[in-house]
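> Okay, structure incoming, though there's no sequence with it:
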């Protein structure tokens, strides 16, 4: 039987990581591959990361983190699974 494709608005995405490829690079590639628009936020220095970590902005003080419509996802494998389902 025929199903119409789901039409959903793309969520606002902001990837937070250091200014290196590291664990976020696979996420960046997945987002580009999916043709999803996202803000690629990279810390300017270690002090900026430490400020966000101590303020509680980063859950468990971990990056990479993906901000999805105001909700924070952490753990690179979980983020990759989420991006794959978008």
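Arrived safely, thanks for sending. Keep in mind the model is a prediction, meaning the values are calculated, not measured.

> Contacts only, for the residue nearest the centre of the chain.
In the chain, the residue lying closest to the centroid (Cα atoms, centre = their mean) is residue 66, at 2.5 Å. By Cβ atoms under 8 Å, 6 or more residues apart in numbering, the residues touching residue 66 are 13-16, 27, 72-74, 79, 82-83. Every C-beta, even on glycine, is put in place using the N, C-alpha and C of the backbone.

> Then residue 70?
Residues near residue 70 by Cβ under 8 Å, 6+ apart: residue 12.

> Show me where the chain has its helices.
Remark: helices assigned in the chain by DSSP state H are 24-33, 46-55, 76-85.

> Tell me which of the ones you listed lies nearest to residue 9.
helix 76-85 (15.3 Å; Cβ to Cβ).

> residues of that closest one that come out buried?
By neighbour count on 16 or more other Cβ atoms under 10 Å, the buried set for helix 76-85 is 76, 79-80, 82-83.

> From residue 13, how far off is the closest residue to residue 30 other than its chain neighbours?
The shortest distance from residue 30 to any non-neighbouring residue, by Cβ to Cβ, 6 or more residues apart in numbering, is to residue 83 (4.5 Å). From residue 83 across to residue 13, the span is 8 Å (Cβ to Cβ, to the nearest Å).

> Are there residues contacting both of those two? Which ones?
Counting by Cβ under 8 Å, 6+ apart, the shared contacts of residue 83 and residue 13 are 31, 36, 66.
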